[in-house]
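Enquirer: build the 3D model from these lines:
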Amino acid sequence: MVSKEVLYKFRFIVLILSLIAIDLFSKNLAVINLMYGQSAPTIFPFIDFLLIYNSGIAFGIFDSDNSLNSQILLLVTLAISFYLIWMIASEDILKKKYALSIITAGAYGNIIDRAIDNKVTDFLHLEILDFSFFIFNLADAFITIGAILLIYFELIYKSNNE
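Expert: Sure thing, here's the model as predicted:
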């Protein structure tokens, strides 16, 4: 049995690995249960399920189904992820460490997905009033949530506490 002290010491690694596992599990569920390109309702009013594969970056940019592009994106995101880990290790503010850990988990979730089949599995479709915004996955949501938290802690929270 792992002690609470050990878990506390490695809490950011545990958080990152847990979020990666949740992301990969959700992508696997989507692939097993959804038909490619066919929308399915959810319990959320603005989000439907819609399974697609994205070989590009966010919002389908550079999505050309080109293996070389996908490999280059994989290398770039891997380099960024290593930098994120360095940032977590060197950050002194606990709240920022959590935000960076959430971003890192999302990055690695998509890196693992891209490394397996040169594409990222997206399955959550944000649509408001018949306007389609984008299709994303939990890793993308983790990156977005972590970035919002980081911006908040860096700009708003910091200015309120000075």
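
Enquirer: show me the strands in this structure, by range?
Expert: Remark: strands assigned in the chain by DSSP state E are 39-41, 47-54, 120-128, 131-136.

Enquirer: worst mean pLDDT among the ones you listed?
Expert: Mean pLDDT is lowest for strand 131-136 among those, at a mean of 86.

Enquirer: centre-most residue in this structure?
Expert: Closest residue to the average C-alpha location of the chain: A139 at 2.0 Å, with C-alpha atoms, centre = their mean.

Enquirer: surely it touches T104?
Expert: No. Contact between A139 and T104 fails when scored by C-beta atoms under 8 Å: they sit 10.5 Å apart. For the C-beta atoms, the positions are set from N, CA and C on the backbone; glycine is no exception.

Enquirer: distance of the residue nearest to the centre of the chain from N69?
Expert: The gap separating A139 from N69 is 19 Å, by C-beta to C-beta, to the nearest Å.

Enquirer: same question for G109.
Expert: According to C-beta to C-beta, G109 and N69 sit 20 Å apart.

Enquirer: compare these two and say which one has the larger neighbour count.
Expert: Each of G109 and N69 had its neighbours counted (other C-beta atoms under 10 Å), and the higher figure belongs to G109 (28 against 16).

Enquirer: now the helices for this protein?
Expert: Applying DSSP state H to the chain gives helices spanning 4-9, 11-33, 67-90, 94-117, 138-151, 157-160.

Enquirer: hey, which of those is tucked in deepest?
Expert: Using mean count of other C-beta atoms under 10 Å, the stretch among these with the largest mean neighbour count is helix 94-117, at a mean of 21.

Enquirer: okay, angle between that one and strand 47-54 too, please.
Expert: Helix 94-117 and strand 47-54 are oriented at 60 degrees to each other (axes from the mean of the first three to the mean of the last three C-alpha atoms, to 10 degrees).
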